[in-house]
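S.K.: could you work out the structure for the sequence below:
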Amino acid sequence: SSDDKIGLLAVQPDAATGLVRISGEARDAAALTDYITRLEAQPSLQNVHLAEHEIKLNQGRPVVRFNLNATWAGAQS
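M.R.: Next up, the predicted model:
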């Protein structure tokens with residue numbers, strides 16, 4: 001579900017708890033909102049929410065660095 005406006009830095013699934021943490025950078029807030037909407041539409045993810053974000057400079061341009069949390073529907077309980 002990524003595109004040229006989103007750069008993923010890490011995806012950390014935890015099968016034991018069913019949680020997945022997604023870290024990355026978005027070109028802007030609108031790109032991040034669109035990305036969250038696309039993730040919410042995935043049948044394997046539920047309860048996608050923004051855990052934290054901050055504006056950083058990357059090569060002189062502002063980007064939104066973010067961490068998302070979600071419930072992974074494929075995890076073993």
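
S.K.: hmm, who's touching stretch 9-26?
M.R.: 2, 5-8, 32, 35, 39, 45, 51, 56, 58, 63-73, 75-77 (C-beta atoms under 8 Å, 6 or more residues apart in numbering). Every C-beta, even on glycine, is put in place using the N, C-alpha and C of the backbone.

S.K.: just the buried positions in that stretch, please.
M.R.: 18, 20, 22, 23, 24, 25, 26 (16 or more other C-beta atoms under 10 Å).

S.K.: which helix or strand contains the second one?
M.R.: Secondary-structure assignment from DSSP states H and E places residue 20 in strand 19-26.

S.K.: partners of that strand in the sheet?
M.R.: strand 6-14 (antiparallel), strand 61-72 (antiparallel) (DSSP bridges).

S.K.: quick one: buried residues of the last one?
M.R.: Residues of strand 61-72 classed as buried under the neighbour-count rule (16+ other C-beta under 10 Å) are 63, 64, 65, 66, 67, 68, 70, 72.
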